Every structure is written in C-alpha cells, then in structure tokens.
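> Whatever this is, show me its structure:
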Amino acid sequence: MSEETMVEEETTYLLDMTDRCDSCGAQAYFRCFFDGGTLDFCQHHFTKYENTLIDVMLDYIDESDKLHNPRKVEDHA
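Numbering: from 1, shown residues only. This is a model prediction of the structure:
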C-alpha cells in the first residue's frame, strides 16, 4: 500500500510590496513588457486598461493570485 503525499510547489514571485502601480501607486500585481520598457499595474488599473494593453504589450507577468492566496511574507533582512 502506497501513501500519496501532496507536495505543494513554492511559487517564486518577481513583484513584491515595493513594486507600485505606475497609475496610482498601489501595490503592483502585473508587470507589462513593451518595446520601450515596462509598466507595473495594480489589479484595478490592469483590468481597466487590459483591452488597450493587450494590443501593444509584448508580454506580461500576472501575480494577482497573491490577492486570493495570501501567504506568509518572510523578512529577508
């Protein structure tokens, strides 16, 4: 008889609480990549501008799962 063990994968995030939305200054959960650089957005502003951004951005990082699955933030000081 074998015992199944669920292993929770640890997610590595690029954005942290110091990354701020370029539109309003709230915590950024999205980083959008363009030919000329990057822009960071909170959930609200990414959703607001998503239709326009999709047409012009090369790629993006979505870390909005942190809003729904909060995990303990470790202090690496």
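
> Could you pull out the helices in this protein for me?
In the chain, helices defined by DSSP state H lie at 43-56, 65-68, listed in chain order.

> What's the local residue count around Val56?
Burial of Val56 is recorded as 9 neighbouring residues (other C-beta atoms under 10 Å). C-betas here are computed from N, CA, C, even on glycine.

> Wait, it touches Phe34, no?
Yes. Counting by C-beta atoms under 8 Å, Val56 touches Phe34, with 6.5 Å between them.

> Strands of this structure, start to end?
Counting by DSSP state E, the chain has these strands, from start to end: 30-34, 37-41, 59-62.

> Let's have those in JSON lines, adding distance to Asn69, mean neighbour count and mean pLDDT.
Shown next, in JSON lines, are those (distance: least, C-beta to C-beta, whole Å; neighbours: other C-beta atoms under 10 Å; pLDDT from 0 to 100):
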{"stretch": "strand 30-34", "distance to Asn69": "16", "mean neighbour count": "19", "mean pLDDT": "97"}
{"stretch": "strand 37-41", "distance to Asn69": "19", "mean neighbour count": "17", "mean pLDDT": "97"}
{"stretch": "strand 59-62", "distance to Asn69": "13", "mean neighbour count": "14", "mean pLDDT": "96"}
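
> and the residue lying closest to Thr11 once chain neighbours are set aside, how many neighbours?
Spatially, and ignoring its direct neighbours in sequence, Thr11 is nearest to Asp65 (7.7 Å; C-beta to C-beta, 6 or more residues apart in numbering). When neighbours are defined as other C-beta under 10 Å, Asp65 has 12 of them.

> Thank you kindly, that will do.
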